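> Kindly generate the corresponding structure for this input.
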Amino acid sequence: MTDSTGLQKGIESPYTLGQVEAGSPCCKPVAHLQIRDLTIAYHGVTVLSGVSLDVYRGCITALIGPSGCGKSSFLACLNRLTDLLPGAHTHGEVRLDDQNILAPGLDVKQLRQRIGMIFQKPNPFPLSIRRNLELPLLERGIRQRIEINRRIESVLRDVGLWDEVATRLNSPATRLSGGQQQRLCIARALILEPEILLMDEPCSALDPLSSAVVEDLILRLRGRYTVIIVTHNLAQARRIANYAAFFWVTEQSGKLIEFNRCQSLFEAPQNSLTEAYIAGTKG
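Alright, predicted model coming up:
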């Protein structure tokens, strides 16, 4: 089951994965992103090496593994945020609609409209709630007040904030609670109508009650959006994800060890490293 390095034994082919758990909106997996031999380095030091997997449309994929194994770098690469990091270099392919999004000359601004990002710590602009949601639309060239208002109400309803803030849209966003701020940041990403949402530990900076609210929101997004979430909370990954990818540091760089349907990976891991990490004896 496992070779001497513990690398990627037991990974099912992305093209032959069966149905996910009963009731899932993505019971017939269709690849939304196709990642092939992805390698990421900073100033010549490889932090992630040779990752290949498919991310399925409408599903939630959880990225698990210890700190420092390349999960956040992998996530940032998917909408080219690595371009903003000094000394960052990527190799391999990430295909969206059969286009390699790592290719030179790609319209990165357009890519980030299609693939939104939610960070670990809520980061609302120091402006009003309304202005936080208006600015992305204005930047995109959407200026009709009726359309702007429609979208603002729609996304605030989507994230469960409308009833809480409808009468104070002109109040500073920074006066919201931490959980409300994170939901506002998710609404800000959703207002551009992306296809894919990247989430880097979106609940880790929140109290348990706020975390539960955001987790429920992520579940409601399943089927409408493709979600990729980095989480160190294994129980959370089991609750919300259709698929899980386990990363580990081997030979001084992060590698994908096992990728499978979430239930299968947690209940019957095919790799001894995965089994040990889930059991809490490693990592």
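
> helix, strand or coil for residue 218?
Per DSSP: H, G, I helix; E, B strand; the rest coil, the local secondary structure of residue 218 is helix.

> give the contact list for it.
Listed by C-beta atoms under 8 Å, 6 or more residues apart in numbering, the contact partners of residue 218 are 60, 199, 202, 227, 229, 240. No exception for glycine: its C-beta is placed from N, CA and C like everyone else's.

> again with residue 73
Taking C-beta under 8 Å, 6+ apart, we find residue 73 in contact with 40, 47-48, 82, 254.

> And the furthest pair within these?
Using C-beta to C-beta, the contacts of residue 73 span at most 13.8 Å, a distance reached by 82 and 254.

> out of the two, which sits in the busier spot?
Higher neighbour count among residue 82 and residue 254: residue 254, with 26 against 19, using other C-beta atoms under 10 Å.

> do you know how far the more buried one is from residue 97?
Residue 254 is 27 Å from residue 97, where distance means C-beta to C-beta, to the nearest Å.

> mind checking how far residue 141 is from residue 192?
From residue 141 across to residue 192, the span is 11 Å (C-beta to C-beta).

> and what of residue 276?
Between residue 276 and residue 192 the computed distance is 41 Å (C-beta to C-beta).

> Got the phi and psi for residue 253?
phi -140, psi 150 (degrees, to the nearest 10).

> Report the contact partners of it.
By C-beta under 8 Å, 6+ apart, the residues touching residue 253 are 46-49, 70.

> Bridge partners for it, pull those for me.
residue 250 (DSSP bridges).

> let's number from 37 now, not from 1
Yes, from this point I'll number from 37; that puts the last item at residue 289.

> ok, so what distance separates it from residue 91?
Distance of residue 289 to residue 91, given as C-beta to C-beta: 21 Å.

> so where's the stretch 37-186 of the chain uncertain?
Residue ranges of the stretch 37-186 of the chain with pLDDT under 70: 37-64.

> go with 50
Low-confidence segments of the stretch 37-186 of the chain (pLDDT under 50): 37-61.

> now the helices: where do they sit in it?
Applying DSSP state H, counting those that start in this stretch to the stretch 37-186 of the chain gives helices spanning 107-113, 144-150, 165-175, 181-194.

> Assign the closest residue to residue 305 other than its chain neighbours to helix, strand or coil.
In space, and not counting its chain neighbours, residue 305 is closest to residue 311: 4.4 Å by C-beta to C-beta, 6 or more residues apart in numbering. Taken by three-state DSSP, the conformation at residue 311 corresponds to helix.
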